[in-house]
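J.: Quick one, what's the 3D model for this:
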Amino acid sequence: MRLITIAALLAALPFAAQAAPTWQTISSEPGKRIELDRTSIKRDGNTVQAQGRIVLEKELIDVRSGAGYRVIEAITRYDCASRNANTIKRIFKKNETDVVREEELKSNDLPVRSGTLDDKVLREVCRPPKESQAELAQKANEAATQLKQANDAMLKKEMAKVEKSVPVKASDAPHGAAKDAEQAAIPSIRPNLKAAAEQAKAPPPPSEPAKPVAQPPAPQATRNPTVVVHTTPAPKPRRPAKSEGYMLELTHSDAALQHAHIHWGYEGPGAPENWAKLDAKNTVCATGQRQSPIDIRDGIKVDVEPIKFTYRPSTFRIEDNGHTIQVKVADSSITLTGKTYELVQFHFHRPSEEKVNGQRFDMVAHLVHKADDGALAVVAVLFERGNENPFIQTLWNNMPLEKNTAVAPPNTVIDLNTLLPASPSYYTYMGSLTTPPCTEGVLWLVMKQPVQVSLDQINIFSRLYRNNARPIQPAAGRLIKEGR
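T.: Take a look at the predicted model:
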């Protein structure tokens with residue numbers, strides 16, 4: 001009992017430490033300070049969960065509530081092996097105590113880019129634990145070892161008792177001991193074997209020496225609990241048929257199991273109308289109130305702030321991920337309303353997912369960006385049929401031959417600035433990701449002027465993805481701004 005108490009106290013120590021969070025500065029940059037609450041760190045193998053925050057010098061305006069904030073706290077799960085991050089919750093605060101807004105997030109793991117908030121926090125939380133934690137773990141291991149040794153000793157003691165009390169064969173023991181052996185070995189079936197036990201006590205007839213071997217073993221054979229228990233249910237051979245029927249019933253009646261092995265897509269059982277049924281993480285795809293894409297119409301014409309594009313020529317990595325052609329580049333970002341969003345990846349849809357005043361375009365490129373506080377911003381570049389696009393042709397020239405196999409040409413450089421339209425004007429609204437898990441709170445920036453691509457370039461993509469566009473979602477009275 002004392003060992004169990006010690007182990008319980010040791011196990012409870014980390015949770016007790018979490019009661020008083022303390023913020024430690026891990027990085028200071030112009031305009032912001034990045035801090036980590038070390039008491040919030042929870043480790044599970046290569047996965048670490050921790051709470052970090054950004055403290056801003058200047059107040060920003062929350063696009064949802066309209067209130068100002070200077071502190072963004074985030075609870076994030078980091079995969080130290082693959083360098084991925086998944087933000088679970090964000091808290092926007094006006095100051096240390098006043099909360100502006102909280103939001104629970106359900107999103108996929110995203111790669112951690114160098115120099116970002118997640119990169120700085122990941123480097124800290126993925127370091128080996130300090131000595132104090134190591135000593136605590138060592139003490140816990142010692143207590144666990146002592147418990148194991150005590151359990152092993154107890155188990156050996158009990159096994160020794162069983163070996164002494166249970167004979168190998170009841171027929172080899174004296175007649176009186178045979179009865180005791182039956183009680184010790186198979187007490188639960190002794191009433192059924194009473195007559196057989198009485199026969200076993202009787203001496204064999206002298207005139208028939210072979211009968212003690214022939215007759216008594218018959219009742220002794222029935223003493224074997226294996227024979228008695230397993231010969232009772234006669235219809236056992238028919239059980240496979242019953243089990244097979246049971247599996248068929250599950251397949252046809254349980255909708256969750258029916259969708260368990262279906263991957264999301266754009267047609268058939270994995271089509272958009274079934275996304276929420278395929279995985280509990282995709283519930284927002286059916287219940288969300290700010291889903292994308294939408295038909296962009298009836299926007300208010302205002303002077304929107306110009307998007308500052310910081311796209312630099314870079315090598316690239318292109319992949320057919322089974323849903324689209326996706327491309328990653330390095331050191332590119334956008335800045336809007338004082339916030340910088342790093343470019344994570346861009347990909348393509350055919351036809352365009354969004355409509356503009358009821359019109360759908362031939363294709364669209366979605367450029368997905370992520371800010372230090374985890375906020376997402378997607379720049380949409382619409383494509384219309386026309387002249388060949390050199391930027392797109394470079395990508396198509398290096399398209400991988402197989403799905404889920406990336407190609408990274410070592411000497412080929414692309415410049416995303418050449419993909420952008422000449423006009424900087426755009427539509428903007430708040431929406432969601434257009435693929436599962438359909439995370440909401442995404443800032444959409446849809447460029448008004450389309451870019452030309454050739455019919456051949458459209459057909460090349462169509463051979464891979466004839467239709468990978470999510471249907472239009474209800475606008476639900478959302479405010480849409482249109483640059484004038």
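J.: Might one say that residue 54 is in contact with residue 60?
T.: No - assessed by Cβ atoms under 8 Å, residue 54 is found out of contact with residue 60, at 10.2 Å. C-beta coordinates here come from the backbone N, C-alpha and C atoms, glycine included.
J.: neighbour-wise, which of these two wins?
T.: residue 54 (20 against 15; other Cβ atoms under 10 Å).
J.: Where does the more buried one fall, secondary structure wise?
T.: strand 47-61 (DSSP states H and E).
J.: what about the stretch 201-350 of the chain, any weak spots by pLDDT?
T.: Applying pLDDT under 70 to the stretch 201-350 of the chain flags the ranges 201-261.
J.: Confirm for me that residue 437 is in contact with residue 279.
T.: Yes - using Cβ under 8 Å, residue 437 makes contact with residue 279 at a distance of 7.5 Å.
J.: Name the residue in these two with the higher neighbour count.
T.: Using other Cβ under 10 Å as the criterion, residue 437 and residue 279 rank with residue 437 on top: 22 against 17.
J.: Residue 435 versus residue 474, what's the distance?
T.: Going from residue 474 to residue 435 by Cβ to Cβ, to the nearest Å gives 18 Å.
J.: what about the two, which has more around it?
T.: Neighbours were counted for residue 474 and for residue 435 using other Cβ under 10 Å; residue 435 has more, 23 against 11.
J.: Please report the distance of that one from residue 326.
T.: In this view, residue 435 and residue 326 are 11 Å apart by Cβ to Cβ.
J.: what's the overlap in contacts for these two?
T.: Here residue 435 and residue 326 have no joint contacts, going by Cβ atoms under 8 Å, 6 or more residues apart in numbering.
J.: Name the SS class of the closest residue to residue 390 other than its chain neighbours, please.
T.: Closest residue to residue 390 apart from its sequence neighbours, by Cβ to Cβ, 6 or more residues apart in numbering: residue 418 at 7.1 Å. Here residue 418 is recorded as helix under DSSP: H, G, I helix; E, B strand; the rest coil.
J.: count of residues packed around residue 418?
T.: Residue 418 has 14 nearby residues by other Cβ under 10 Å.
J.: For it, give me the pLDDT.
T.: Residue 418 is assigned 97 on the pLDDT scale.
J.: Surely it touches residue 393?
T.: No - counting by Cβ under 8 Å, residue 418 sits too far from residue 393 to count as a contact (11.3 Å).
J.: Show me the helices in the protein, by range?
T.: With DSSP state H applied, the chain shows helices at 2-17, 117-125, 131-165, 175-185, 194-201, 211-214, 217-223, 225-231, 239-253, 255-259, 275-278, 284-287, 390-397, 455-464, listed in chain order.
J.: thought residue 439 was touching residue 431?
T.: No - counting by Cβ under 8 Å, residue 439 sits too far from residue 431 to count as a contact (10.0 Å).
J.: Among the two, which residue is more densely surrounded?
T.: Shown here are residue 439 and residue 431; by other Cβ under 10 Å, residue 431 has more neighbours (25 against 19).
J.: ok, the more buried one - contacts?
T.: Neighbouring residues of residue 431 by Cβ under 8 Å, 6+ apart: 290-294, 440, 442, 444, 473, 478.
J.: again, only using 6 Å
T.: Residues in contact with residue 431 (Cβ atoms under 6 Å, 6 or more residues apart in numbering) are 290, 292, 442, 444.
J.: Just name the closest of those to residue 74, please.
T.: residue 442 (16.4 Å; Cβ to Cβ).
J.: Residues in a beta bridge with the closest residue to the closest one other than its chain neighbours, which ones?
T.: Counting by Cβ to Cβ, 6+ apart, residue 376 is the residue found nearest to residue 442 once chain neighbours are left out, at 4.6 Å. For residue 376, the beta-bridge partners are residue 370, residue 442 (DSSP bridges).
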